[in-house]
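Asks: what shape does this take:
(2 chains)
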Amino acid sequence: MSAIRVNPNPTADLLAALAQNQQQQQIALLQLASGTKINAPSDDPAGAAVLTQIHDRSSQADSFQRSMSSITGQFQTADSTLNSAVLALQRAITLGVQGATGTLSDSDRAAVAAELKGLRDQLISLGNVTYQGQFIFAGTSQTQPFVADSSVSSGVRYDGNAGVNKVTVGNGFALQVNQPGSDVFNAPAANVFQSINDLINALGANSGIDTAVVGVRKAFDFVTSQRVFYGNALNQIDSQQTFLNTEKLNLSQQENTIGGTDLAASASQLVNAQTARNAGLAAMGRSPQTSLFDFLK
Amino acid sequence: MSGLFGTLSIALSALEASQGALASTTNNVANVNTPGFSRQRPVLVENSPVVQGQLTFGTGVTLQQIESLRDPILQMRIQEETQHQGQLDAFVSAMQQAQVMFASSSGDIGSQISKFFSSLSQLSTNPANLALRQGVLTAAANLASTFRNTASNLTQQRSNLDLSVTQAIQQVNLLTKRIAGLNSQISGMQGLNQDASAFIDQRDVLIGQLSSLVDVSQIHSDNGLTLTTSNGTALVAGGQSFALNTQTDISGVQHIFAQGKDITGNLTSGQLGGLLQARDQNIPTLLSNLDTLAAGFATSVNTAHRSGFDLNGAAGGDFFVAPPISGVGAAASMAVQITDPALIAASSDGSPGSNGNVNVLSAVHDQVVASGQTATEYYANLVFGVGSNVSNGSAELSSSQLILRQLQDQRGSVSGVSLDEEAANMVQYQRAYDAAARVVTTVNQMLDTVINMGRP
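Replies: Prediction:
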């Protein structure tokens, strides 16, 4: 009868077990403290790779949203500028209708024409409005777009260009952010400055005033219709903001599913590791204290 | 010859044998904590009997030898597993340092790429704004310096590994020299039929240390032990050791030579195997992947940038310093070419307020820049590669540690000293000694009786 001989010195095994418990304890602590279970790529290589892409997409969504808040201001400024232009044109029509009544004296018509010149100056300054230092109706040019110039027939020269800018606010979704002044105030079909100038000249000559008023009315209708562009753009921004908020929520949910610490699991892992470590320490404290030598007399 | 003197000589043999046996017990107790010690036990044999007529008398006991309890096959398994563990240990700890730079943080290459595109997106809302243009330059400079730092950290790590290789070679040479010395002593003693256990134990410890450094195969022959690497390069042959030496390669790392032959590529196990794997394979692969990404990214951005016009209406030049044609060193040398924010080619038509080319630059985000992947995808794969190197290595390492512990346990069950056993043996030998001494006393009394026979 002989029992199987076991390793009489288990210290190395106990130490290894203790080290392992300690490691588990540290992993659980790190996961709890950092809130993520992927603290190094090796913790979950595939998860870490996916996280890299999720972070990129969420950073992209953030920048789309930031872009939208910057251009929203520009849209609002443009919209309210056009609103003022519409009011000015409305006043011009009223003045034209007044001037067309045959009862006015020459000097009365001259006074009306003077007010119209004032309106023209106001429209020029509306066309030259800026947002954060940029002329919004200059196309993509940086120069002041509208300059009074008697050498051209409308009396106002357009120095901007016909360029438009687009800002990307979503994947494959770019929004046009400006309308060149040549399309808004100087459109060939309904030139605002030409119509005002025609009216001033008609008042001076006291003929063709009615025709000139029809021209101003056309300009009024045209500028009013241009406001729709900004209204639409603002609506699109609203819905895109909502979409991006949802996408960011989805992304952060994905991130949490892949990389977030399962608090309950990590906490119980920590407790388990601590218990195991205590048991290991107790075993170590008891193991090789006595041998037969202690009992020999 | 069963006279009293015969009995006395039997008792004497018992005293001597018990004393010798007790000495082996004492030696076991003394070496209870000595690493590599194999417990010894006395081998007692009966002396040849004497035949007298019909009677056969025993003539006592002889302590024939003190044998060590060891299992050479197990010892060899332990050494093999030690090599495996040494390799994994060195490899995992090297790659663990490398993966730190790829951990998801606000400072890694991936997030710097995102920040660069985010700055472009900002610029597209107000393309002539100098502050936003400066923002793009700053983000690009951060991206470039992150590439440079990552590459230079990896290069630095590679030269640290190189230093470790040199140190490991020095240790190997020391160990093989000592093993050769022990070989001579052992074969000398064995030639004289002496017990060389103590030296064999010491040699096993040294071979264990050598195994953790380099792959070792053992060949036992009549004229001693031969140690070779797994590809057959001799390290120790009997009493002679062959030193390895190192020479700097053209790539700047140490190559290992044995008797004039380059064996660097043949060392696959032990600490050296792991160090070489990280130094010559994984880190260079990482560096070249970084180069591919840096070169692809810089080239794509440059192409996009050249299609536009800067704030002065001039055609755009290179945005990043053009990467080397071969791509080698692209990450380590990545830098932004432009220093003046006005020179960013944001315009697509030459007018300063146009943002058309910013959109072209932003589109690089979704363009294929390297190996059929976008920059972010390529980087994500890189992260995956580094991560799985470490996680696979760690998993193998823990199973190797487990196997090694089990093997050590087995070795302990064969060769380890148990104090209980030794105490029991001690009692046994002491009792035998006491009894033999008692016999001597008794014989003495009997002789006394004989001598005093016939006295009045």
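Asks: and A:Leu203, what element?
Replies: Using DSSP states H and E, A:Leu203 sits within helix A:192-205.
Asks: run through the helices of chain B in chain order.
Replies: For chain B, helices defined by DSSP state H occupy the ranges B:4-30, B:72-99, B:109-125, B:130-191, B:197-213, B:270-277, B:283-306, B:356-362, B:375-415, B:419-451.
Asks: so the third one versus helix B:130-191, what angle?
Replies: In this structure, helix B:109-125 runs at an angle of 170 degrees to helix B:130-191, with axes from the mean of the first three to the mean of the last three CA atoms, to 10 degrees as the basis.
Asks: name the helix or strand for the closest residue to A:Gln254 other than its chain neighbours, please.
Replies: Among residues not flanking A:Gln254 along the chain, A:Ile54 sits closest, at 5.7 Å (CB to CB, 6 or more residues apart in numbering or on different chains). Placement of C-beta: from N, CA and C, glycine included. Applying DSSP H and E as the criterion places A:Ile54 in helix A:45-100.
Asks: same check, this time on A:Val271
Replies: helix A:263-286.
Asks: let's see that helix as PDB, backbone CA atoms only.
Replies: Extracted in PDB, the C-alpha atoms of helix A:263-286 (Å, rounded to 0.1, in the frame of the first residue of the first chain):
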ATOM      1  CA  LEU A 263     -21.200  47.200 -13.700                       C
ATOM      2  CA  ALA A 264     -23.000  44.300 -12.100                       C
ATOM      3  CA  ALA A 265     -20.700  41.700 -13.700                       C
ATOM      4  CA  SER A 266     -17.500  43.700 -12.900                       C
ATOM      5  CA  ALA A 267     -18.600  44.300  -9.300                       C
ATOM      6  CA  SER A 268     -19.300  40.700  -8.700                       C
ATOM      7  CA  GLN A 269     -16.100  39.800 -10.400                       C
ATOM      8  CA  LEU A 270     -14.300  42.100  -8.000                       C
ATOM      9  CA  VAL A 271     -16.000  40.500  -5.000                       C
ATOM     10  CA  ASN A 272     -15.200  37.000  -6.300                       C
ATOM     11  CA  ALA A 273     -11.600  37.800  -6.900                       C
ATOM     12  CA  GLN A 274     -11.300  39.400  -3.400                       C
ATOM     13  CA  THR A 275     -12.900  36.300  -1.800                       C
ATOM     14  CA  ALA A 276     -10.700  34.000  -3.800                       C
ATOM     15  CA  ARG A 277      -7.600  36.000  -2.800                       C
ATOM     16  CA  ASN A 278      -8.600  36.000   0.900                       C
ATOM     17  CA  ALA A 279      -9.100  32.200   0.700                       C
ATOM     18  CA  GLY A 280      -5.700  31.900  -1.000                       C
ATOM     19  CA  LEU A 281      -4.000  34.000   1.600                       C
ATOM     20  CA  ALA A 282      -5.700  31.900   4.400                       C
ATOM     21  CA  ALA A 283      -4.500  28.700   2.700                       C
ATOM     22  CA  MET A 284      -1.000  30.100   2.400                       C
ATOM     23  CA  GLY A 285      -1.000  31.200   6.000                       C
ATOM     24  CA  ARG A 286      -1.900  27.700   7.100                       C
END
